[in-house]
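K.L.:
Sequence and predicted model, in that order:
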Amino acid sequence: MIKIIITILKKLKFIFQILKYLAIIVFLLFIQVFLVERYYVRFPEYEYKNSKIPKEFDGYRIAVITDVHYGSLDPGFWIQWVFENVKEKNPDVIVGLGDYVKKSKHSNELRNVWPILNDLEAKDGVFLVNGNHDHWANSKLAKSKLEESGKSLENKTTYISRRGSKVYFAGIGDFWEHKTNPDFVLTKMPQNNFKILIMHNPDAINMNHKLRADLVLAGHTHGGQVRIPILNYSPVLPVQNRNFDKGFTKSKYGEDVFISAGMGWSILPVRFFCPAEVPIIVLRSK
């Protein structure tokens, strides 16, 4: 009888050990998914080479901010901390690709986040467009805040000049809520110059259009937020074209597209193998 009890106790001890280790693993996973990957923002640098990039722009740095999703779980002080870190990366230009707020029909979030966005500064300027969540919060207010900022590139073009050479920037409205054909802005830029087109939803670049952007910068997908390790695959992506995931890819017309995983979250406040990021695109002339 005593031997049986001892055997049972040993088995129970073994089970408790397993449960203890499982609890530790679950706790660490919770910290990783809910805290580390969501709040410890990365600033990865990606070099992009193109023969149309002038030598004067070799090493030109573009910070890509998208899907900030200001709200109770992505508070203003955290966003300000991220933006301060962006400035320390010494970008030449900052582009903002929309979804600056989280909630639908919630104008106060727009009013609260825009003073933070207005503080963004870079050597050659800050260019912003809106995303679907900005329209869902209050489309009229989102548009007015964007225009009042003096940083709007939505359905507009501009250029940066260095020692006589130019790089053009253009932006278009959100694919879901303010759809604009890429040709609307592409027709307003010289075709021989290097052209960067910014947008929120990458599906917009697959709309039928005659002229071509050289580099498209987009957000919206969050990189899927949850990715399967090894396979580097996300089961959930809010786009029509699943090739529009994260990182560099191609449009159906062969244009180079870069998609940032962004800063915030949607549906669930988690990130797994898909950390929050503000990428820095470094232009390289061939």
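P.N.:
Arrived safely, thanks for sending. Residues are numbered from 1 along each chain as shown.

K.L.:
from here on, contacts and neighbour counts on C-alpha atoms
P.N.:
Noted.

K.L.:
ranges for the helices of the stretch 101-250 of the chain?
P.N.:
If DSSP state H, counting those that start in this stretch is used as the criterion, the helices of the stretch 101-250 of the chain fall at 107-118, 132-148, 183-186.

K.L.:
Quickly note the distance from residue 181 to residue 175.
P.N.:
The span separating residue 181 from residue 175 equals 9 Å under the rule C-alpha to C-alpha, to the nearest Å.

K.L.:
returning to what we had before: could you export the helices of the stretch 101-250 of the chain as JSON lines, including distance to residue 284, mean neighbour count and mean pLDDT?
P.N.:
Output for the helices of the stretch 101-250 of the chain, formatted as JSON lines (distance: least, C-alpha to C-alpha, whole Å; neighbours: other C-alpha atoms under 10 Å; pLDDT from 0 to 100):
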{"stretch": "helix 107-118", "distance to residue 284": "28", "mean neighbour count": "17", "mean pLDDT": "97"}
{"stretch": "helix 132-148", "distance to residue 284": "30", "mean neighbour count": "19", "mean pLDDT": "97"}
{"stretch": "helix 183-186", "distance to residue 284": "22", "mean neighbour count": "20", "mean pLDDT": "98"}
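
K.L.:
Out of those, which gets nearest to residue 230?
P.N.:
Set against residue 230 and scored by C-alpha to C-alpha, the helices of the stretch 101-250 of the chain come closest in helix 132-148, at 31.3 Å.

K.L.:
any idea of the angle that closest one forms with helix 107-118?
P.N.:
Between helix 132-148 and helix 107-118, the angle formed by their directions is 50 degrees, by axes from the mean of the first three to the mean of the last three C-alpha atoms, to 10 degrees.

K.L.:
Helix 132-148: how far from the chain's middle?
P.N.:
Average the C-alpha atoms of helix 132-148, do the same for its chain, and the two points are 18 Å apart (C-alpha atoms, centre = their mean, to the nearest Å).

K.L.:
Quick one: residues in contact with that helix.
P.N.:
Contact partners of helix 132-148, identified using C-alpha atoms under 8 Å, 6 or more residues apart in numbering, comprise 98-107, 109-110, 114, 128-130, 152, 174-177, 200.

K.L.:
one more time with 7 Å
P.N.:
Under the criterion C-alpha atoms under 7 Å, 6 or more residues apart in numbering, residues 99-107, 110, 152, 174, 176-177 lie in contact with helix 132-148.

K.L.:
from these, which single one is nearest residue 250?
P.N.:
Checking the contacts of helix 132-148 against residue 250 by C-alpha to C-alpha gives residue 174 as the nearest, at 19.1 Å.

K.L.:
I'd say the closest one and residue 201 touch.
P.N.:
Yes. Counting by C-alpha atoms under 7 Å, a contact exists between residue 174 and residue 201, whose distance comes to 6.3 Å.

K.L.:
Now tabulate the helices of the stretch 101-250 of the chain in JSON lines and tack on distance to residue 234.
P.N.:
Output for these, formatted as JSON lines (distance: least, C-alpha to C-alpha, whole Å):
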{"stretch": "helix 107-118", "distance to residue 234": "29"}
{"stretch": "helix 132-148", "distance to residue 234": "21"}
{"stretch": "helix 183-186", "distance to residue 234": "31"}
